[in-house]
Structure formats: C-alpha cells, structure tokens
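**Q** predicted model, plus sequence, below.
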2 protein chains.
Amino acid sequence: MDIIKPRTLSGFMELLPAQQVFFNAIMQKLREVFSLFGFAPLDTPMMEAAEILLAKGGGETEKQIYSFTKGGTDLALRYELTTSLAKYVAANYSALAFPFRRYEIGKVYRGERAQRGRFREFYQADIDIIGDGSLDILNEAEIPSVIYKCFTSIGLDRFVIHINNRKVLSGFFDILGVRDAAGDVMRAVDKLDKIGADKLSAMLCDDLGLSKALVDEIIGFMTYQGDPFDVLDRYRGRSELFDRGADELASVRQHMKGFGVPESHFAIDLSIARGLDYYTGTVYETMLVDHPGVGSVCSGGRYDNLAEYFIARNLPGVGISIGLTRLFYILNEQNMLNDSVMSAPADALIIPMTEDLSYATALATTMREAGLRTQIYGENKKFKAKVTYADRLGVPFVVFLGEDEITSGQISVKDMATGVQTTASASMLIAGICGKIDAMRDRPPIQA
Amino acid sequence: MDIIKPRTLSGFMELLPAQQVFFNAIMQKLREVFSLFGFAPLDTPMMEAAEILLAKGGGETEKQIYSFTKGGTDLALRYELTTSLAKYVAANYSALAFPFRRYEIGKVYRGERAQRGRFREFYQADIDIIGDGSLDILNEAEIPSVIYKCFTSIGLDRFVIHINNRKVLSGFFDILGVRDAAGDVMRAVDKLDKIGADKLSAMLCDDLGLSKALVDEIIGFMTYQGDPFDVLDRYRGRSELFDRGADELASVRQHMKGFGVPESHFAIDLSIARGLDYYTGTVYETMLVDHPGVGSVCSGGRYDNLAEYFIARNLPGVGISIGLTRLFYILNEQNMLNDSVMSAPADALIIPMTEDLSYATALATTMREAGLRTQIYGENKKFKAKVTYADRLGVPFVVFLGEDEITSGQISVKDMATGVQTTASASMLIAGICGKIDAMRDRPPIQA
C-alpha cells in the first residue's frame, strides 16, 4: 500500500497530549470566569452563507476568507465571531433578554500568509454585552474587570489593560480642527508603540501635512506622562463629544475599582485608538508587561450598532476578544506553562501481574468511582515494558497487582515523583492517592 | 441600509442560550468520564489537505465531503474524527506511548441532503485506544464500560449496549460455506431491526440465492433468544476464527462485569454486524430502550489497522463514536431534558435602585469571589423593566439594592421560585444563596 505522508496543514496548531492539557485548562478557566460574570455560552456554526459573513464588506479581511460553493450555495468559514453574533442576535431578537451577555470560544479561519506564530485556524474567546436601544457605561467598566479576572485566573499577573475612549480622541481632533484627518491620524498613532514618537511625528508632518505645532500637541496629548485626567481637564469645555468621553473614562475608572481591578493592572492610555469606524466609546488593549513586542493579547471596545446589516434596530454593545491560539503559542514559547501542573492523562496506572484481571478491573472501577483518572495496563508485555509505559505517560502513581497483593489485600503503590513505594489496603491507598491528587489539582496553567 | 435576512444554514444546529446550557453540560460530563478512564484530550484541525482526508477512499461519504481549493492547495473539512486520529498517530508515532488513549469532541461536516434530525455540521464524541502491534481484549471490554458510565452520568438510564464479535460472524459464514456471500449477508442482516425476520429471509433467499434451510439457520443463529453462549457452543470446534471470536465475546462479557456494567445494560447480540471491511473483533451498538426507531446512538468496534495509509506499522485499535448533535436533537425532541437543571446564565441578579453604583459593583465582586454567577442590571430603566429582565433571564435570585439597604447593610433577596423575600447582611445572604445554588448544581442534564 502506498504511504501518504501524514502532515497537518501549515498554520494549523495541533498539540501533543501534554500541551493540549494546558490549552484546555486555559479554555476551562475562561469559561468559568465568563460564567461568573453572567455570560451565556453560545456555539454558532463554523460556516455561514457567504452573504451573511460578507454582509458588512470585508476589505483586507475578505481576501483571507475561506469561501467555496457546495450544492449551489455560496458558503464561507467564519473569520471572527462577531458577525455570527450579529446574525444570531438579529435572528433571535425576540427570544433574547437585553442586555444580552454571551461568550463564545470557537475556531475561526483566515487564509493568511503562513508565518511563525500566525495561524490560519485559531481560537477566539469573545465576550459581548448587547443592549437594546441603549447600554449603560457600567458595562464598559465591567468588560475590563472580566479581562483582569481571566488573566489572573490562568496564572498571568504581569499584564496591563490599556483603556481609552474614542469620543475623547474624536473630540480632541475636533478641538484641533483636524476632524477630516482624524482617521489618518488615528491609524498613524496606532503605530506609536512600534515606531516611537519621533518617527510618528515625522509621519504626521510629512504624510498628512500637519504643522509641527499641531503634531507636537497631538503627541504631547497622547503620550502625556502624568495623571491623564490632568491633560483631559485642559481640553474640557471645548467639545461636547470630548467632555462626554472624558466623563465616560472617569466613570469607567471609578467602576473598575468597584469591580476590584487594582490600579497596577490598568492604565488610561490616550494613545490607544483601535481601528476607526467600528468603535465609538471605551476601547481596550491588553499588554504583557514583559513581552510588549507581542502587542495586545486581548482587545475590544464599545460599538454603537452590532447588527445593522441584519435588523433595523439599534443594538449597541461592548466586547473583547482573546486570540487564544496565538496567546497560547506565545506563553508556550516564553516557557510560561506551569510545569507543576499534571499533564498526564491519568492519575494512576494499574499494572496487573497475574493472568486473571478481575481484581484489576474491580480496583480500577473503585478508583474511578473515587474520582481518580485510572488506566489499567492490560497488555501482555514484559515487566520492563510496563514500567516504561508508566514513565512515558508521566502518571504520578503506579499500582502493582501481583498474586501476593491480591491474596493479602495489601496493595503496593509507587509514588513516581519520590520513588517511594507504600503498601496498604485498597481503600487506604485510594484515600491517600486522592489526597495527593487533590493537592495537585487546580494549579494555574500559567506561571509568570 | 439594505437588511440581509439573518439566517443560519439548514442542517446547522444553533441553540438558544438555555438549550446550549444542556448541550454543554452533556459535553462536560463526557469529558469528565473520558478523563476518568485515562483518555487524553485531543483537538485536531477541522480542515486537512484533501489527500489526507481522502486517503482511505471515500465511497458514499466522499460525495458528502466539503472540499475546495485555497491558494493552490486542495482542502477538505473532516467528515469524521478517525482519519484525523490516524494522521495524528502516524505523524506523532514516536512521541506517543502505546496503548494510546485519546478522546476528541469536535465538529465534523457532511453535505447530506437536509432533512429533519440530520445535520451537516455535527459534534462527534470519539474515544479510541490504539495499540502498537497488538492490543489486549481487555480494551474491548473497557470501551463499553465507558459508554455505560457516559450515558448514566448524563442521566440516561434506559439504554442497552449490544455487543457482537466480527470473528464470530465471519467464522459462522465459513462454517456454513457462504464466506463469499458474507459481505452481502451482513449488509442484509444489518436491516433486521428495520424489516423484520420474514422480509430478511425473503431477501436472503431471493437476492442472494441462498437455500431456505441456510437462511433459516442464519436467522436462527442471529435471533437466538436464549443465552447466546448456548448457540455459540453448538458451532464450536468447526472454525478457528469462530472459536476465537466466541472466546473474545466470553472475555468481554466477563471483564465488563469487573468494570461494573450491570447485565441489564448490555446484551450479546449475534445480529449486530456494523459495516464490513473495517471492524475485525468486538462491535458495539447502543440502543435507547424507549426509542428503538432512532437506531444506535453510540457505535464502534475493534479494528486491525488504524493508519495503514500513513505509516508502515500495525496499529490495531478499538473505539466508539457518539453522534452528539443527533443525540441531543433526539433527547430534546423526546422532552428528556431535565427541567430541574438551572439554565439561566446567572445565579443572581443585582438590581441597583440608586444613582451611585459603587455598592452594587462591590457586592457583585464579593458574590463572584464566592463563586456565584452574578449580573448587575445597570440600565437606566423603570423598575418594571428591571424585574421583567430578571424573569426573562430565569435567574433564581434577585438582590434589590436601594438607599435603605445600603445604609442599613441589610439587603433584600428574592427567591424567584418561591417568591419569598429575605433580608439579612450581605455575607449571610451570600452564604444562603451559595447553599441553595450548590444544591441545584450537578443535576444530570437528562431525565429518563
């Protein structure tokens, strides 16, 4: 038979079992945190009619979309989760209670050029709160408090949530009389982190033809080093939009304290712009303190209209997205997976050394009833092969079941970490293993 | 703006939030059970190079595959999880310890004709145990014990796992001297449940040209009503293959008792054939006692060679697959979702009735720290709208926070099920809600 080389497509992450355990632990923590904040889980299809996914027009993204035809229908794979949410909310509008809070953790597809750390199939973990007609500013403060809880729950501590408000930026450009250039300026300012203030300044002068004085004022505002509310106060009273944005920023900061986000973990950052057309209020970016080069690992913001393509209703919302596959790739690459987390597929392995396996199957069943993840090694191999299997699996406890053990009811268990072998009754041993396994559980998957 | 009708593709299940809770609870239970038996979680890509997915040649299935080209590469969406597993095991052979136990719960795609209860995107929940060169019969007994634990864990009780052995069937046809017709006979026999013994008999006589006596013997064997080992014993000693199969069946039955599967929940059923070329040992089908018409909800068996297309190694295995989306559809349709399960996205809703929300945010944070899924209703709406929101959400506890409550520190909570309102300190109330919520947790999602 001809052998076909078993390969996985480039840009598609496929993990070995031990790594998958970490990835799943992160996903599970996120689910728990999202639930704590009252978000309902959704699971929308990976595939939609092309007209749905392309409703809002694609631009750059459109080229990356996987689209094809089957049975005469134009189909496309989702490239983010927001369009699916918009469709869902529009289609189920009357069945939902607003504000509607949902989370979805799912795979999305982008046919990007393959490069290290870029994925064509990747998980996004999204939360959004959708209002009907209006949505209180409180929600814009709650979203970053979910980010804080998510990251600390998985074991990450050294991150800062950068927060700005698009009304502040738009109002500021109104005040300076450069509203028409606002889009170009914001796109340029988005690069501040990468290119630095000097290059940005040159760009704004040369490419956009702004005066040196104006550019200095813009950069001075956005990179202000003191309390941001000092610089905000300087511009108050000159644009209603600006003042509203500044008030919103103040509310968000105050509510975030109520939600228990320490000041060390968020910063009002007047240089955060995040795209142009979509966001209309608070915007977020989350930076890893020790790895600024990777950019934001969780971003989002407030928008005015989720589903205008699908329903004639004003549905404002606020949401964020974590690029989970990329985040995992970075954490793994930076050796931040917590090596005290047990990644073996079983807590205990039973190695029977008798022909009759009835004692082994009964013991395995009892151990599983006690909540221990248990395997029996039932293969007819030499003793050495059996022990090698236990080693390769990385299983923390091995139970040896010979004739003597079965007759006496005194069973031997080896703690693989210490090498210590203990002999006791089955029930005592199970209680002992349970105690040790419980202590290993719920360790955060990431170590800072 | 033109409105595009928000529609989901036909054949794609998309659930409302309350139903999604049940679906997720079932998935979570399956993950827990699979883990208890030492299966490692895998998550393989939804998409593969077409040559990988079509390696084993498709037949009927091939027509249903979603395939397309992107950037000059022929791609296809997976239509089951086994080919992905074969590729994975072949590609990672040297990194894995055998027997390799993995589970995967993931979406697969089949462009079937749309009809009620048939899905084009659906979840499969698969477990497989893959040996390297050999695999002990013990594993063939352990697999149905996982099925038993899965179904009882989600709350299903009225099911029976039907078990047969392909060596028995092949050996039996050898004994009768109809080996050449074995494939046709087994395909016909697979229809026994649907068409009954009389029609099957006519089919075997007319279509396959078998004698009436032979057909009677075949049907007599397969539908034998007594202890199946009685009829097995009658044919022993006439085919080595048959004898081996009968021994395996006996082993499987014995080990299953060790694994704690009650006799009420499995049956040796000599009429189960399950396809033709793939399976070589024990085969399984799982029937819902009260809904025989839906057919098997969990099937699988032993095969000799998982990955012969991808690696020149003998990798025998045994596995089963649950068609999760279809199973959920049936359970929902049969009103078997457990209505005592809480499907609200939050345990408690805080309704602030003051301008200042700082007490509400602090209380929400404390409740979340205590593990309560908590929402604040922060919208500036009339009292009635706030209560309507609580009702529609189905949230079991509502906390009313007015000026008086905040000043006195005595907070009112309404138990929405009983209508009873209680007033106490925040910490007492949180403890009280936690107690009641804990009692509601971990109810099985299905009621028989």
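**A** Great, that's in hand. As the structure is a computational prediction, the values presented were derived from the model and not from experiment.

**Q** and the next helix or strand past the lowest-mean-pLDDT helix or strand in chain A?
**A** Ranked by mean pLDDT, DSSP states H and E, the weakest helix or strand in chain A is helix A:60-64, scoring a mean of 79. Sequence-wise, the next helix or strand downstream of helix A:60-64 (DSSP states H and E) is strand A:67-70.

**Q** Three-state assignment for A:G301, please.
**A** Secondary structure, DSSP: H, G, I helix; E, B strand; the rest coil: A:G301 is strand.

**Q** could you pull up the residues touching it?
**A** A:166, A:274, A:278-279, A:281-284, A:318-320 (Cβ atoms under 8 Å, 6 or more residues apart in numbering or on different chains). Every residue, glycine included, has its C-beta placed from N, CA and C.

**Q** redo these as CSV? Include secondary structure and pLDDT.
**A** What follows is the contacts of A:G301, written out as CSV (DSSP: H, G, I helix; E, B strand; the rest coil; pLDDT from 0 to 100):
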residue, secondary structure, pLDDT
A:R166, helix, 94
A:R274, coil, 82
A:Y278, coil, 85
A:Y279, strand, 92
A:G281, strand, 97
A:T282, strand, 97
A:V283, strand, 97
A:Y284, strand, 96
A:V318, strand, 98
A:G319, strand, 97
A:I320, strand, 97
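
**Q** what subset of those residues is buried?
**A** Buried by 16 or more other Cβ atoms under 10 Å in any protein chain shown: A:166, A:274, A:279, A:281-284, A:318-320, out of these.

**Q** format the residues you listed as CSV; extra columns: distance to A:A250.
**A** Output for the buried ones among the contacts of A:G301, formatted as CSV (distance: Cβ to Cβ, whole Å):
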residue, distance to A:A250
A:R166, 15
A:R274, 20
A:Y279, 19
A:G281, 13
A:T282, 11
A:V283, 16
A:Y284, 16
A:V318, 17
A:G319, 22
A:I320, 21
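
**Q** what about the least confident helix or strand of chain A, distance to the chain center?
**A** 23 Å (Cα atoms, centre = their mean, to the nearest Å).

**Q** got the contact list for it?
**A** Taking Cβ under 8 Å, 6+ apart as the rule, helix A:60-64 contacts A:54, A:79-80, A:110-112.

**Q** show me how to select, in ChimeraX, the buried members of these.
**A** Only the buried entries of the contacts of helix A:60-64 go into this ChimeraX selection, using 16+ other Cβ under 10 Å:
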select /A:54,79,110,111
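
**Q** nearest to B:L42 among the contacts of helix A:60-64?
**A** Closest to B:L42 out of the contacts of helix A:60-64 is A:R110 (22.9 Å), distances taken as Cβ to Cβ.

**Q** from B:E51, how far out is that closest one?
**A** 23 Å (Cβ to Cβ, to the nearest Å).

**Q** my guess is A:G300 contacts A:G319. True?
**A** Yes: applying Cβ atoms under 8 Å as the test, A:G300 and A:G319 come out as touching, 5.1 Å apart.

**Q** show me whatever sits in contact with both of these two.
**A** Joint contacts of A:G300 and A:G319 (Cβ under 8 Å, 6+ apart) are A:I143.

**Q** how about the nearest residue to A:K167, chain neighbours excluded?
**A** A:G245 (2.9 Å; Cβ to Cβ, 6 or more residues apart in numbering or on different chains).

**Q** element containing the one you found?
**A** helix A:240-258.

**Q** where does the residue nearest the centre of chain A sit: helix, strand or coil?
**A** For chain A, A:I322 is the residue whose C-alpha lies nearest the centre (Cα atoms, centre = their mean; 3.5 Å). Following three-state DSSP, we place A:I322 in the strand state.

**Q** what's in contact with stretch A:387-405?
**A** A:18, A:342-354, A:359-360, A:363, A:375, A:377, A:411-417, A:429, A:433, A:436-437, A:440, B:97-98.

**Q** buried ones among these?
**A** For these, buried by 16+ other Cβ under 10 Å: A:18, A:342-352, A:359-360, A:363, A:375, A:377, A:411-414, A:416, A:429, A:433, A:437, B:97-98.

**Q** give me the subset of those that lies in helices.
**A** Judged by DSSP state H, the subset of the buried ones among the contacts of stretch A:387-405 located in helices is A:18, A:359-360, A:363, A:429, A:433, A:437.

**Q** nearest to A:Q225, of those residues?
**A** Closest to A:Q225, out of all of these and judged by Cβ to Cβ, is A:A18, at 44.7 Å.
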